[in-house]
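S.K.: Pasting a predicted model and its sequence here:
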Amino acid sequence: MNFIGAESPFDEARIVMFGAPFDSTTSFRPGTRFGPAAIRSESFGIETYSPYLDMDLETDAAVHDSGDLELPFGAPDRALEMIEERAESIFAAGKIPFLLGGEHLVSLGAVRAAAKRFEGLRIIHFDAHADLREDYLGVRLSHACVMRRCYDILGDGRIWQFGIRSGTRDEFAFVKDGHVVMEPFSARTLSALSFPPGTPVYLTVDLDVIDPSEFPGTGTQEAGGLRYTELLSAVVEIISRFNVVALDNVELSPPLDHSGRSTALACKFAREEILALSRKAGKEPL
């Protein structure tokens, strides 16, 4: 089953979705491996038309859904290799990869591919958690360490974080030392963010950045989060202002929200991201 409206053939698409159903390093409550499939199936409960952007997936976007990778459970190294390979193949075809997670570690595979292809890559990161630990219980490949591993690739001043409200003292000291840029608790300073024209940007959204009153279906809830409309406004602004070359949405855990409202939110949010990308670039293939 495809995401609603993602019916374009690969060759004609500008955006290519793929799923990474992996949660082997989840440190609290698992279930994000079911996220990509749930987003696809439940997307048919929303409309293809967005009244926010006055655009429609059926007429204003060219999207191909390439399905889920079959990732080896309990083998993060190989899973990341497979994600990197899929992202590389999408980049090679001149298209924008849109990764659906899965736990946040899956982003590392796509970031590796983007960093190899795009010199000067930056990351804009929305999350409740800093994800900057050097290791978690002695393991360096963990969803709690994903931004630290991305930092290892990109270096100082290439990662911007918004909405963060949880982390260790060492993680926040790492930020204060100037290695990454963080706005905790909100995204109010986003308007002041600027890059040289054409700078490639990887956009990663851990959906637990949203307050658990609106998004309870995630493994590690943190009170005091952004509202859906705040996140949507911020992400639409990012896509309109910057050269977003790849993006992901991660950490939806459908079994943890039996009401289904978290999955419905994730579906709607993905629709808006696709349409925002399409509005900026047009629906013709790259």
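M.R.: Here it is on my side, so go on.
S.K.: Which secondary structure element is home to the residue positioned nearest the centre of the chain?
M.R.: Ranked by distance to the mean C-alpha position of the chain (Cα atoms, centre = their mean), the top residue is Asp248 at 2.4 Å. Element membership for Asp248 (DSSP states H and E) is strand 243-250.
S.K.: strands paired with that strand, and their directions?
M.R.: strand 96-101 (parallel), strand 200-206 (parallel) (DSSP bridges).
S.K.: Quick one: mean pLDDT for the longest helix along the chain?
M.R.: The helix that spans the most residues within the chain, counting by DSSP state H, is helix 261-281. Helix 261-281 carries an average pLDDT of 96.
S.K.: in that helix, what's buried?
M.R.: Residues of helix 261-281 classed as buried under the neighbour-count rule (16 or more other Cβ atoms under 10 Å) are 262-279, 281. Placement of C-beta: from N, CA and C, glycine included.
S.K.: who's in contact with the closest residue to Thr48 other than its chain neighbours?
M.R.: Closest residue to Thr48 apart from its sequence neighbours, by Cβ to Cβ, 6 or more residues apart in numbering: Leu57 at 4.0 Å. Neighbour list for Leu57: Ile4, Gly5, Ala6, Thr48, Tyr49, Val63, Arg271, Ile274, Leu275 [criterion: Cβ atoms under 8 Å, 6 or more residues apart in numbering].
S.K.: The fifth one - how many residues pack around it?
M.R.: Okay, so that is Tyr49. Counted with other Cβ atoms under 10 Å, residues neighbouring Tyr49 total 17.
S.K.: could you pull out the helices for the stretch 1-150 of the chain?
M.R.: 35-42, 57-60, 76-92, 106-117, 146-154 (DSSP state H, counting those that start in this stretch).
S.K.: and of those helices, who's closest to Thr220?
M.R.: Thr220 lies closest, by Cβ to Cβ, to one member of the helices of the stretch 1-150 of the chain: helix 146-154, at 13.3 Å.
S.K.: which parts of the closest one are buried?
M.R.: Applying 16+ other Cβ under 10 Å to helix 146-154 flags Val146, Met147, Arg148, Arg149, Cys150, Tyr151, Ile153, Leu154 as buried.
S.K.: Quick check, the second one in contact with Ala130.
M.R.: If I follow you right, that is Met147. Yes: with contact defined as Cβ atoms under 8 Å, Met147 counts as touching Ala130 (6.8 Å).
S.K.: tell me, what's touching those two both at once?
M.R.: Overlap of the contact sets of Met147 and Ala130 (by Cβ under 8 Å, 6+ apart) consists of Gln161.
S.K.: and the strands paired with strand 243-250 as CSV, adding distance to Ala20 and mean pLDDT?
M.R.: Shown next, in CSV, are these (distance: least, Cβ to Cβ, whole Å; pLDDT from 0 to 100):
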stretch, distance to Ala20, mean pLDDT
strand 96-101, 5, 98
strand 200-206, 12, 98
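S.K.: now the ones you listed as TSV including distance to Glu88?
M.R.: As requested, the strands paired with strand 243-250 are exported to TSV (distance: least, Cβ to Cβ, whole Å):
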stretch	distance to Glu88
strand 96-101	9
strand 200-206	14
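S.K.: before we move on, back to that, give the contact list for the residue nearest to the centre of the chain.
M.R.: So Asp248 contacts Phe98, Leu99, Leu100, Gly101, Val106, Ser107, Ala110, Leu203, Thr204, Val205 (Cβ under 8 Å, 6+ apart).
S.K.: low-scoring stretches of the protein, by residue?
M.R.: 282-286 (pLDDT under 70).
S.K.: 90 - rerun?
M.R.: 1, 24-29, 73-74, 136-140, 280-286 (pLDDT under 90).
S.K.: Against Ile46, how distant is Cys150?
M.R.: Using Cβ to Cβ, to the nearest Å, Cys150 is found at 31 Å from Ile46.
S.K.: swap in Asp131?
M.R.: Taken as Cβ to Cβ, the span from Asp131 to Ile46 is 29 Å.
S.K.: gap between Glu47 and Ala264?
M.R.: 12 Å.
S.K.: on that earlier part again, switch the strands paired with strand 243-250 over to CSV; also include distance to Val16 and mean neighbour count.
M.R.: Formatted as CSV, the strands paired with strand 243-250 follow (distance: least, Cβ to Cβ, whole Å; neighbours: other Cβ atoms under 10 Å):
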stretch, distance to Val16, mean neighbour count
strand 96-101, 6, 26
strand 200-206, 15, 25
